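Colleague: Turn this into a model:
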Amino acid sequence: MLIDPDFSLQIRPKNYFCTYTNHTLASCLVIWGATKMNEMKKLLSILLISGTTLAAFGQNKNVTSAYMSMKDGEYGEAREYIDQAITHEKTMGDEKTWRYRGDIYFGIAQSEEDYGISKAKSIGTALESYLKAKELDEKERYLDKTQNGIALTQNLALNMGIQMYNEKKFEDSRDLFLLAAEGAEKMGVVDTLAIYNAGLAAEQAQDYETAIREYYKAAETGYNGANMYLYIANLYSKQEMNDKYIEVIQEGREKYPDNADLILYELNYYLVNQKFDEAKDNLLLALEKDPDNKQLHFSLGVVYDNLGEKDGAVAAYKKAIELDPDYFDAVYNLGAYYFNEGVEIINVANEIEAQKEYEAKLAEAEEVFKQAQPHLEKAHQLEPQDRGAIVSLQQLYARTGNIEKATEMKKKLEGAE
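Modeller: Here you go, the predicted structure:
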């Protein structure tokens with residue numbers, strides 16, 4: 001039977017149609033098969049896309065679960081969920097992931113429960129997370145929340161640092177104060193108290209490198225004035241780093257040229273290293289700027305003493321006493337100066353064979369001892385427990401024949417021992 005070429009047969013496998021006029025039924029079935037193959041490819045693509053979506057959903061679920069656990073106060077669970085989310089490519093670039101992580105670790109830091117992580121570490125993780133969230137929030141939609149998180153974390157670090165310091169946990173205290181300083185810096189603020197406290201805690205922990213670094217930062221801001229340079233110098237002195245010691249003292253003197261403590265520290269360096277000429281020049285320059293500074297006059301007296309410029313030493317000590325009659329160091333040194341002069345005269349007398357000349361020298365020494373006596377007695381009055389003043393008076397009384405007073409000083413000395 002011949003098929004009429006104009007006859008049209010419709011084949012409908014599901015919703016697919018094949019209309020043929022000049023095509024055979026076989027060719028139409030081939031077309032239908034190709035169409036069906038395309039349908040299967042599309043279905044496979046849909047399944048693959050769905051699988052990817054489900055994987056992403058699984059990671060988003062970790063973020064949601066972390067948030068819900070945090071809200072319930074279950075920080076241990078929240079931590080597990082969020083730490084997974086920050087390592088997955090689908091959620092690690094999400095601002096919310098890191099902000100929630102900051103909130104979770106902030107909660108851990110505040111909690112009384114032990115989560116197996118130190119307070120300093122949890123606060124550090126919280127701060128790191130808030131900063132990462134801020135970085136990812138390019139349109140600053142959640143800037144207020146992240147800034148608030150940073151501020152709260154910074155304040156917690158500062159307060160907890162004080163607590164750890166009081167508990168003598170100096171290493172933890174140092175780390176917390178460093179975090180507080182960092183948090184403030186990220187907010188555009190210089191927290192000098194946090195910086196100084198970090199140095200102080202580091203010093204107590206014998207971490208001198210960190211202490212010096214933080215003290216320098218504080219000094220650059222002008223915090224605590226010249227004292228910061230003194231603290232740094234002391235740390236260099238403990239490590240016997242004399243070159244660094246004088247370097248920081250001179251740096252401090254450039255900034256605070258009239259500070260008496262810095263001048264005395266510098267003087268101490270010159271005296272220990274027997275650089276008396278440098279000390280003298282230094283002090284005379286300082287006195288031009290501050291002629292009524294008793295410490296400067298006293299220090300100049302010490303330098304003159306060591307240079308053997310006796311008249312200069314006496315004049316300097318007397319000027320210091322004129323400025324402050326109760327200045328123990330100057331009073332004692334002036335008395336000690338006269339006492340030592342008397343001893344030197346006696347030593348000269350002992351070399352003299354002629355009796356008259358010998359006796360004349362002894363009389364000269366006695367007059368000098370008399371000059372020493374009121375100053376040493378005044379020094380003892382000002383500082384009754386000072387061993388040097390007691391010893392000097394005992395020897396003075398013994399040399400001048402005042403046995404009763406010498407015995408009294410001896411008993412005081414034994415009592416002090």
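
Colleague: Does anything pack onto the strand or helix carrying residue 176? Which helices or strands?
Modeller: Assessed by DSSP states H and E, residue 176 sits inside helix 170-186. In terms of contacts (3 or more Cβ pairs under 8 Å, 6 or more residues apart in numbering; DSSP states H and E), helix 170-186 is packed against helix 119-136, helix 143-166, helix 192-204, helix 208-220. Heads up, the C-betas are built off the backbone N, CA and C, glycines and all.

Colleague: and that helix, how far from the chain's centre?
Modeller: Distance of helix 170-186 from the chain centroid (Cα atoms, centre = their mean, to the nearest Å) equals 8 Å.

Colleague: which residues touch it?
Modeller: Here helix 170-186 makes contact (Cβ atoms under 8 Å, 6 or more residues apart in numbering) with 118-120, 123-124, 127, 131, 150-151, 153-155, 157-158, 160-162, 164-165, 190-191, 194-195, 197-198, 201-202, 204-205, 207, 210, 214.

Colleague: Then stretch 199-215?
Modeller: 161, 164-165, 168, 170-171, 173-174, 177-178, 181, 195-196, 198, 217-218, 228, 231-232, 235-236, 238-239.

Colleague: Buried among these? Make that a PyMOL selection.
Modeller: Selecting only the buried entries of these in PyMOL, with 16 or more other Cβ atoms under 10 Å as the criterion:
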select buried, resi 161+164+165+170+173+174+177+178+181+195+196+198+217+218+228+231+232+235+236
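
Colleague: before we move on, the earlier item: format the helices and strands packed on helix 170-186 as JSON lines; extra columns: mean pLDDT and distance to residue 276.
Modeller: Listed next are the helices and strands packed on helix 170-186 as JSON lines, based on pLDDT from 0 to 100; distance: least, Cβ to Cβ, whole Å:
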{"stretch": "helix 119-136", "mean pLDDT": "94", "distance to residue 276": "49"}
{"stretch": "helix 143-166", "mean pLDDT": "95", "distance to residue 276": "42"}
{"stretch": "helix 192-204", "mean pLDDT": "97", "distance to residue 276": "32"}
{"stretch": "helix 208-220", "mean pLDDT": "97", "distance to residue 276": "29"}
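
Colleague: Pipe those helices into CSV and attach distance to residue 252 per row.
Modeller: Converted to CSV, those look like this (distance: least, Cβ to Cβ, whole Å):
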stretch, distance to residue 252
helix 119-136, 32
helix 143-166, 26
helix 192-204, 15
helix 208-220, 8
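
Colleague: Could you check the pLDDT of the residue lying closest to residue 265 once chain neighbours are set aside?
Modeller: Once flanking residues are discounted, residue 265 sits nearest to residue 249: 5.1 Å by Cβ to Cβ, 6 or more residues apart in numbering. Note for residue 249: predicted pLDDT of 95.

Colleague: go on, residue 61?
Modeller: 85.

Colleague: mind checking how far it is from residue 93?
Modeller: 17 Å (Cβ to Cβ, to the nearest Å).

Colleague: Same check on residue 177?
Modeller: 32 Å.

Colleague: How is this protein partitioned into domains?
Modeller: If you go by automatic domain parsing, the domain ranges for the chain are 1-82, 257-315, 325-417.

Colleague: Need the ones you listed in JSON lines (columns: distance to residue 224 and mean neighbour count).
Modeller: Formatted as JSON lines, these follow (distance: least, Cβ to Cβ, whole Å; neighbours: other Cβ atoms under 10 Å):
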{"stretch": "domain 1-82", "distance to residue 224": "39", "mean neighbour count": "13"}
{"stretch": "domain 257-315", "distance to residue 224": "12", "mean neighbour count": "18"}
{"stretch": "domain 325-417", "distance to residue 224": "25", "mean neighbour count": "16"}
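
Colleague: Reformat the ones you listed as JSON lines; add distance to residue 136.
Modeller: As requested, the domains of the chain are arranged in JSON lines below (distance: least, Cβ to Cβ, whole Å):
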{"stretch": "domain 1-82", "distance to residue 136": "13"}
{"stretch": "domain 257-315", "distance to residue 136": "48"}
{"stretch": "domain 325-417", "distance to residue 136": "63"}
